[in-house]
Structure formats: structure tokens, C-alpha cells
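1. when you get a sec, could you give me coordinates for this:
(chains A, B, C and D)
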Protein chains: 2
Amino acid sequence: MSDLLQRLRGRGWRMTSQRRVVAEVLDGDHVHLTADEVHARAARLLPEISRATVYNTLGELVSLGEVMEVSTDGRAKRYDPNAHRPHQHLVCSGCGTVRDVHPTGDPLADLPAEERFGFAVSEAEVTYRGLCPSCA
Amino acid sequence: MSDLLQRLRGRGWRMTSQRRVVAEVLDGDHVHLTADEVHARAARLLPEISRATVYNTLGELVSLGEVMEVSTDGRAKRYDPNAHRPHQHLVCSGCGTVRDVHPTGDPLADLPAEERFGFAVSEAEVTYRGLCPSCA
DNA sequence: TCCTACGATGGACGCAGTCCAAGTCAAGAA
DNA sequence: TTCTTGACTTGGACTGCGTCCATCGTAGGA
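-> Take a look at the predicted model:
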């Protein structure tokens, strides 16, 4: 059983086959899937799983901090299982694929106090855009 | 007549009352309105304007580079009339309001070649998140 | 003034996501 | 092991945001 499932059990999750399958799909390869893609992959393992359950489970994983929600364009949100190591995203303007990247430097340091307008700024999200090798 | 309308006319736009009104709404105060908000304000000036027209006009303004599309959360896109001076956005996690900010430093410089994975990276979008004074 | 191609209209449609009432079942209690 | 119960799942309806399309209207050149 994966680390993820163990952590979830430790947090008092009732372990159902649906939740196990969703966690397994996310844990698999570190791609950034949409909810529908997660549903499609989960359904290959557990044909009767419903969309609502996938949405519920993803939402719980996000609020537990186990998964990151990424909205790169105005379309479907993507789910990033790599929530424990801070990182930013590189998005292909052609095909929409998303890669994790680890820039040097802290964008928060680039925002001087007089540009914060009294906000309590807590995080900076950076999205790099460009064309991936196959789209270029 | 505003600069915006003059530029549009110079680009061969057919000047209709609908387009004039949408441009006027965006040119007004530099808030970041959703398409629906633009429609509502436009309808105060021209009651019969349709949603489709507002969406079309906003789309054209974006592709002409006169307006920026900002999607801060997974919900409705917002339209930023300040497209000529490069800037980033500061979003309140409480109420969702968006402010333009001008950070020092270039986030592109923080992404080393070995983190670009062969992508032709052309831009970096930074979203700062935090609580605004009234939400804190 | 007339013509016509570009733009506006509004209603249907599609996708992403949420909600809800009813049914199911994981896991602790006995 | 079986019972019990409340947490979880289901699927279908619904909402919000955005797009599409056939038809109608009109800006602006001839």
C-alpha cells in the first residue's frame, strides 16, 4: 500500500474501494490530470465509480493538502499529486501539458511592501508559458 | 473619444454602438470585471446588448492585445484593460478582488535552462495571493 | 441613396462542476 | 461473527460560464 493511502488512513479516512482507486490513479504517474481524466482512469479499475465521487475525493485530497489544484487556463482544473515539494508550473501553449519546475529565487521577495497595498500576501504562484519541443 | 476607440478605429474596426459601449465600460475604472459584469454595465448604457456580443467583443479586444484575460480562480475570467504596461496580479483569497502590481525582477530569469525541458518559454505569469485589508 | 459584408441577436447547446435524496457499506460495538 | 450506524456513493438534475449558429440589422464605402 502506498504512503498516500497510509497517511489517509492515519487521518481517519474510511477506506472505500472508490477512494483507494482515485488515490492509486493520482499516485501512479506524475502527470497533471483533469477530474474527468481521473474519472476515466479510475473507471478502468472500478467501472461503476461515479463522477460525483471522483469530485468529492479530489476535493478532500486537496483540502487535506495531499494534492494541488492547478488551473492553468480557463478550462478544467488539473490535479497535481506532487503537493509536498514546493514548485511552479510550465505550461505548453500548444497542447496544454503541464510540467513541474523548480525555479531559483523567491517571487515573494520581488514584491516590495509599497506594492502590497496592505494585503497579507502569503504565496506566489508562477506559471511559465511557452511551446514544448513537440509543439514548437 | 478615448484613445482605445481611436486605436480600434485605426485597426479597421467597424464602429457599432455595442462595441463603443463595451470599450467605454472597460476604459472606465480600472477594475477587473467578469464578462457578466461587463455585460451588466454595458446594458445600463445600451439595454438591448446581448451576452454573445459582449463575449465576442471582449474576445476581439483580447486578441488585438488591448485587454488582458485573467483567470485567477477556476471561475469566471476577468478582463484587465491595463494590457500595455506589463504587470502581475495580487488576488484576495477572501473576496476575490484583483489588483495590478509591479514586482521588481524578472521571474523568467529564475528559470534555469535545465528546468525548461526544451520548452521555448516566452512568458511568466505571477499571481500573488493573500488577504486584503478588509478581509484580514 | 443603395448594397453588402460585417456585426448583433438570442436561444440552444456543451462542458466543468455542484447538489441532493436515496441507497450502500466500512468499521467499531456487542 | 453479526449488528448498527453514520459516513460514503450514486446518478440524475441543476448551475454557471462560455460557445455556436441561423437569422436579422446596419456601418460605411460606392
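2. wait, does the longest helix along chain A contact chain B?
-> Using DSSP state H to define each element, chain A has its longest helix at helix A:51-63. No: using CB under 8 Å from any CB of the partner chain, helix A:51-63 stays clear of chain B, with a minimum separation of 11.5 Å. Bear in mind the C-beta positions are built from the backbone N, C-alpha and C, glycine included.
3. what's the offset of that helix from the middle of its chain?
-> Relative to its parent chain, helix A:51-63 has a centroid offset of 12 Å by CA atoms, centre = their mean, to the nearest Å.
4. now swap in stretch A:71-88 and tell me
-> Stretch A:71-88 has its C-alpha centroid displaced from the chain centroid by 4 Å (CA atoms, centre = their mean).
5. residues of that stretch that come out buried?
-> Buried residues in stretch A:71-88, defined by neighbour count with 16 or more other CB atoms under 10 Å in any protein chain shown: A:Ser71, A:Thr72, A:Lys77, A:Arg78, A:Tyr79, A:Asp80, A:Pro81, A:Ala83, A:His87, A:Gln88.
6. which residues are contacting it?
-> A:4, A:26-27, A:30, A:32-36, A:38, A:58, A:61-62, A:65-70, A:89, A:91, A:96, A:98, A:100-103, A:125-128, B:69, B:71, B:73-74, B:77 (CB atoms under 8 Å, 6 or more residues apart in numbering or on different chains).
7. swap in 6 Å and give it another go.
-> Around stretch A:71-88, the neighbours that count as contacts under CB atoms under 6 Å, 6 or more residues apart in numbering or on different chains are A:26, A:30, A:32-34, A:58, A:65-70, A:91, A:98, A:100-103, A:126, B:71, B:74, B:77.
8. stretch A:7-21 too?
-> With contacts defined as CB under 6 Å, 6+ apart, stretch A:7-21 is touched by A:Ala42, A:Leu45, A:Leu46, A:Ile49, A:Thr53, A:Thr57.
9. measure A:Lys58 to A:Val31 for me?
-> For residue A:58 the amino acid is Leu, not Lys. According to CB to CB, to the nearest Å, A:Leu58 stands 15 Å off from A:Val31.
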